[in-house]
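Just need the structure, nothing else, for what follows:
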Amino acid sequence: MTGVIHSVNINAFDLNLLPVFEALLDERNVSRAAGRVGLSQPALSNAIGRMRKAIGDPLFIRTATGMRPTPRAEQLAGPVRAALAHTRSALSGEPVFNPATTVRTFRLAMNDYSEWRLEAAIVERTCGESSGASVQVRRVDTLFSVPESDLRNGALDAAIGFFPDPRSLGEGTLSETLFEEDNVVVGRRGHPALRKRLTLERFAELDHAAVIYRLEPWGIVDQELASHGLRRRLRLATPHFLTALKAVAESDLIACVPAGLAREFERAMDLAIRPLPLSLPRFVTRMLWAHQWQNDPAHVWLRGQIREAVTTRVCPSAR
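Numbers count the residues shown, from 1 in each chain. From the prediction side, this is the model:
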């Protein structure tokens with residue numbers, strides 16, 4: 001079956017299998033998916049088995065972290081979700097998206113910095129206009145990687161984070177820059193090394209905390225220092241911006257962080273902020289979504305709420 005698209009007789013296909021397929025796509029867990037569609041676990045497994053046979057593909061592979069969709073399932077996900085959404089809309093008598101009456105859960109992928117900076121404003125915007133809407137946030141797997149597959153198959157409505165330049169994205173992924181920030185160095189106020197100008201050599205000699213998602217404790221700062229023949233003393237690598245900042249505030253560690261984060265906590269954590277003595281790309285926060293949802297009314301509305309959240313929470317200084 002690998003590499004071959006199985007022909008399906010739509011007249012003989014049980015369309016009741018589609019909501020089951022959608023539920024397992026979302027939940028990645030047989031028990032939760034069964035509860036969502038009102039079936040027993042054996043009944044749901046039987047339904048997926050019938051769909052596997054009809055499609056000619058395993059659709060889901062059991063793994064240690066849950067039921068992982070196959071490439072064929074991901075290919076089907078977007079069209080199936082769109083078809084179900086249009087069918088539900090038609091049957092509900094709501095031909096266009098209405099934020100006042102929707103009960104939709106919008107799913108976003110964000111890193112913890114984007115969550116801290118924007119999440120409350122996004123929830124305020126979306127739920128302020130809709131008493132039935134809700135927001136579910138999922139942490140991105142790595143700091144700069146793009147969850148393109150989940151955007152395409154509808155598991156995510158949008159992603160917000162430090163994503164790469166649009167030219168490096170897949171053809172089906174759209175991007176919009178929300179705001180940009182410089183890198184700065186932070187340390188506790190009174191840190192002896194920050195009392196005078198921070199040279200590149202002195203910067204490298206200090207004990208560092210850094211936000212790193214990858215398994216290897218090596219980031220863009222290390223790459224830039226290596227180009228100068230230098231290596232920093234990395235004492236703490238964490239995937240959480242606020243954890244790194246708290247560690248800096250309570251020790252003699254320093255860290256390189258977005259300027260907005262440093263300024264927000266400068267007084268509360270008694271921090272000292274200094275210019276970064278090396279050249280790094282700016283922190284660029286972008287919003288991503290799949291091309292197939294570009295004109296979908298619900299997605300258009302959601303992206304508008306996110307832009308307004310940026311305006312109220314980040315602007316005018318960082319726009």
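
give the contact list for residue 221.
208, 210, 232, 256, 278, 280 (CB atoms under 8 Å, 6 or more residues apart in numbering). For glycine as for every other residue, the C-beta is placed from the backbone atoms N, C-alpha and C.

Pull out the buried members of these.
Among those, those that count as buried by neighbour count (16 or more other CB atoms under 10 Å) are 208, 210, 232, 256, 278.

does the fourth one belong to a helix or a strand, and which?
By that I understand residue 256. Assigned by DSSP states H and E, residue 256 belongs to strand 254-258.

list the helices and strands the helix or strand that that strand is followed by packs on?
Once the chain leaves strand 254-258, the next helix or strand it forms, by DSSP H and E, is helix 259-265. Judged by 3 or more CB pairs under 8 Å, 6 or more residues apart in numbering; DSSP states H and E, the packing partners of helix 259-265 are strand 183-188, helix 241-249, strand 271-275.

what's the angle from the second one to strand 271-275?
In this case it means helix 241-249. Per axes from the mean of the first three to the mean of the last three CA atoms, to 10 degrees, the angle that helix 241-249 makes with strand 271-275 is 100 degrees.

Give me the contacts around helix 241-249.
Contacts of helix 241-249 (CB under 8 Å, 6+ apart): 111-113, 116, 186-188, 209-211, 236, 238, 253-255, 257-258, 261-262, 265, 269-271.

which residues of this structure score low on pLDDT?
1-9, 11, 89-90, 92-96, 143, 315-319 (pLDDT under 70).

thinking again about what came up before, just the buried ones among the contacts of residue 221 now: which is nearest residue 150?
Set against residue 150, the nearest of the buried ones among the contacts of residue 221 by CB to CB is residue 210 (26.8 Å).

Quick check: residue 19 touching residue 85?
No. Counting by CB atoms under 8 Å, residue 19 does not reach residue 85; the two are 11.4 Å apart.

Neighbour count: those two, which is higher?
residue 19 (19 against 16; other CB atoms under 10 Å).

just checking, next helix/strand downstream of the strand or helix carrying that one?
For residue 19, the enclosing helix or strand under DSSP H and E is helix 17-27. Of the helices and strands lying after helix 17-27 in sequence (DSSP H and E), the nearest is helix 30-37.

how about the CA coordinates for that next one, as CSV?
The C-alpha coordinates for helix 30-37 follow below in CSV (Å, rounded to 0.1, in the frame of the first residue of the first chain):
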residue,chain,number,x,y,z
VAL,A,30,-8.6,5.7,21.7
SER,A,31,-10.3,6.1,25.1
ARG,A,32,-10.7,9.9,24.9
ALA,A,33,-11.7,9.7,21.2
ALA,A,34,-14.4,7.1,22.1
GLY,A,35,-15.8,9.3,24.9
ARG,A,36,-15.9,12.3,22.6
VAL,A,37,-18.1,10.6,19.9
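
hmm, who's touching that helix?
19, 20, 23, 24, 26, 27, 40, 41, 43, 44, 45, 67.

Mark which of those residues are buried, thanks.
19, 20, 23, 24, 26, 27, 44, 45, 67.

Next, the last one: secondary structure please.
Pointing back at residue 67 there. strand (DSSP: H, G, I helix; E, B strand; the rest coil).
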